[in-house]
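> sequence plus predicted model, see below.
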Amino acid sequence: MQALIAELHAARAHTRRVADDLGGAREFGPRLPIVNPPRWELGHVGWFQEFWCLRRGGRESILPNADALYNSATVAHDKRWILPLPSFPSTLEYRDEVLRRVIERVRAGGEADLAYFARLATRHEDMHAEAFHYTRQTLGYPAPQLPAPGGFPGNRVSGDAELPGGRFELGARPGGPEFTFDNEKWSHPVILAPFRMSRTAVTNAEYLGFVEAGGYRKREYWSDEGWAWKDRTEPLYWRGSTLRRFDRWVPIPPDEPIVHVSWYEAEAYCRFAGRRLPTEAEWEYAASFDPVSRMKRRYPWGDDAWTTALANLEGGALASVHGYPRGDSAFGLRQMIGNVWEWTASTFLPYPGFVRDPYQEYSEPWFGTHKVLRGGSFATPSRVVHSSFRNFYTPDRADIFAGLRTCAL
Ligand code: FE
């Protein structure tokens, strides 16, 4: 129970750092399909927690009309700017009152399902925290006040790791300690051919080679959909030899991973480089399989919980792809978790025997249209990611903290 309460507090503390300063001139922001108005999104975080933790069985919200304001399944995206929302301070008050009541209920005990729903709500909050984080990048706001990464440099790694493949259990195992969404259930055997995977994510220096070779103008690197999507001649937020990080323009850091690329750009880069994206099964095997014990690990480094030395998560900035050597996978792959999300070749689909969980809108509506990303970014709260966690976005999205890692053809 103490661990659950600590988790609820930690998620809220993180949200406060990334979003609670977005009031005033920034509380609505431009009406774009890829962002939410912060005043709405903060209220929605509270609403979700209240809905699943305090209102099961049809109880009323403590906020009149809350469902008509904050239910993301029914409130159309472009309406979120024109609803009669509570003021920014009242929104924060509602959100924090919900948390107080949830903690009270957890302390009181006796509700069999509450722990599940409280953990669901923290992960939901964590994902919105990352959304606030990339919204700040999208809109050119200052970075949130979070600790900068650093202090964990590694030896320079290069080239591919050799992975023998074979039979692998893809997905989450029942009874594991991590919170598991329906789309990860349950582990099932897949057979993988031997393959070679890069020890690091693709760096800015490597991606610059693609840009300078005219990659954005050469038809042969792009799929039909990618070519039709492409409306730029360099990556999002790049301008010549500089790129924008939140509200600042900086020289392109060569050893940091390329970030803010769409799946189409990831695919085009692979064609240029004579490489390919891993499938999500290959990715998960590479991140989690220990060839000595023949066991699957919760994280690339083992089963121990995350610490700041193991992966760049819930932080303030990207780090070099060579950092965090203690987080290496058993195959010697660096940063399979943290720094940037990695696009995979795989379309987001249900695993065999899929059964939807109570929060039905989480996975099922997006099967077949989204691509799978793995591993988490510097902005992902550590509670969210583990080796079998699946993230998913449409292939056109470049605003998220997504990069890629490649495999040999
Ligand atoms: Fe949500």
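Thanks, I have it. Please read all numbers here as calculations on a predicted model, not as lab measurements.
> strands of the stretch 51-200 of the chain, start to end?
Taking DSSP state E, counting those that start in this stretch to define them, one finds strands in the stretch 51-200 of the chain at 160-163, 166-170, 188-192, 195-198.
> and Ala305, which of those is closest to it?
Between Ala305 and the strands of the stretch 51-200 of the chain, the shortest gap by C-beta to C-beta is with strand 166-170, which sits at 21.8 Å. Yep, even glycine has a C-beta here, placed from its N, CA and C like the rest.
> what comes up buried for the closest one?
168-170 (16 or more other C-beta atoms under 10 Å).
> tell me how far that strand is from the chain's mean position?
Relative to its chain's centre, strand 166-170 lies at 24 Å (C-alpha atoms, centre = their mean, to the nearest Å).
> also stretch 147-161?
If you compare the mean C-alpha spot of stretch 147-161 with that of the full chain, they lie 20 Å apart, counting by C-alpha atoms, centre = their mean.
> what's the first-to-last distance across that stretch?
32 Å (C-alpha to C-alpha, to the nearest Å).
> the chain should start at 425 in everything you say after this.
I'll keep to 425 as the first residue from here, and by that count the last item is stretch 571-585.
> for it, which positions count as buried?
Across stretch 571-585, burial judged by 16+ other C-beta under 10 Å covers 573, 576, 578, 581, 585.
> would you format those as JSON lines with pLDDT included?
As requested, the buried residues of stretch 571-585 are exported to JSON lines (pLDDT from 0 to 100):
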{"residue": "Pro573", "pLDDT": "73"}
{"residue": "Phe576", "pLDDT": "90"}
{"residue": "Gly578", "pLDDT": "89"}
{"residue": "Val581", "pLDDT": "96"}
{"residue": "Ala585", "pLDDT": "98"}
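> which among these gets closest to Glu658?
Once C-beta to C-beta is applied, the member of those that ends up nearest Glu658 is Pro573, at 25.4 Å.
> ok, now which ones touch the closest one?
When contacts are counted by C-beta atoms under 8 Å, 6 or more residues apart in numbering, Pro573 is found next to 736, 739-743, 747, 802.
> gap between it and Pro805?
Taking C-beta to C-beta, to the nearest Å as the measure, Pro573 and Pro805 are separated by 15 Å.
> same question for Ala625.
Between Ala625 and Pro805 the distance, using C-beta to C-beta, works out to 20 Å.
> equivalent analysis for Val716, please.
Counting by C-beta to C-beta, the separation of Val716 from Pro805 is 31 Å.
> please identify which of the two sits among more neighbours.
Using other C-beta atoms under 10 Å, the more surrounded residue of Val716 and Pro805 is Pro805, with 24 against 6.
> for the closest residue to the more buried one other than its chain neighbours, give me the pLDDT.
Distances taken as C-beta to C-beta, 6 or more residues apart in numbering place Asp550 nearest to Pro805, at 3.9 Å, with adjacent residues excluded. At Asp550 the predicted local confidence, pLDDT, stands at 98.
> now the lengthiest strand in the chain, how far from the centre of its chain.
Looking across the chain with DSSP state E, the single longest strand is strand 765-771. Relative to its chain's centre, strand 765-771 lies at 12 Å (C-alpha atoms, centre = their mean).
> got a list of what Arg547 touches?
The neighbours of Arg547, taking C-beta under 8 Å, 6+ apart as the test, are 603, 605, 807-808.
> between these, which is nearest Asn460?
When these are ranked by distance to Asn460 (C-beta to C-beta), Val808 comes first, at 18.5 Å.
> residues in contact with the residue nearest to Leu587 when sequence neighbours are not counted?
Distances taken as C-beta to C-beta, 6+ apart put Phe619 closest to Leu587, at 5.4 Å, once the chain neighbours are dropped. Contacts for Phe619 were tallied using C-beta under 8 Å, 6+ apart; they are 587, 589, 702, 706, 831-832.
> next: Pro577.
Residues touching Pro577, when contacts are defined by C-beta under 8 Å, 6+ apart, comprise 744, 746-747.
> same check, this time on Glu465
Shown in contact with Glu465 (C-beta under 8 Å, 6+ apart): 443, 552, 555-556.
> which two of those have the greatest separation?
Ala443 and Ala555 (9.2 Å).
> show me what contacts Leu544?
With contact taken as C-beta under 8 Å, 6+ apart, Leu544 is in contact with 476, 603, 783.
> would you list every one of the helices in this structure?
Along the chain, the segments classed as helices by DSSP state H run 426-443, 462-477, 490-494, 512-532, 538-562, 628-636, 648-653, 687-697, 704-712.
> mean confidence score for the shortest one?
Pointing back at helix 490-494 there. 97.
> would you mark the buried spots in it?
Of the residues in helix 490-494, those buried under the neighbour-count criterion (16+ other C-beta under 10 Å) are 490, 493-494.
> just the closest of the residues you listed to Arg525, please.
Distances from Arg525 to those, taken by C-beta to C-beta, are shortest for Ala490, at 13.6 Å.
> now do the strands in the stretch 725-833 of the chain.
Listed in chain order, the strands of the stretch 725-833 of the chain (DSSP E, counting those that start in this stretch) span residues 765-771, 795-798, 815-817, 826-828, 831-832.
> quick one: the buried residues of helix 490-494 as a markdown table, columns for distance to Gly481 too.
Compiled in a markdown table, those are given as follows (distance: C-beta to C-beta, whole Å):
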| residue | distance to Gly481 |
| --- | --- |
| Ala490 | 16 |
| Leu493 | 21 |
| Tyr494 | 19 |
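> which of those sits closest to Ile824?
For those, the minimum distance to Ile824 (C-beta to C-beta) is 22.7 Å, reached by Tyr494.
> spit out the contact partners of the closest one.
When contacts are counted by C-beta under 8 Å, 6+ apart, Tyr494 touches 464, 467-468, 470-472.
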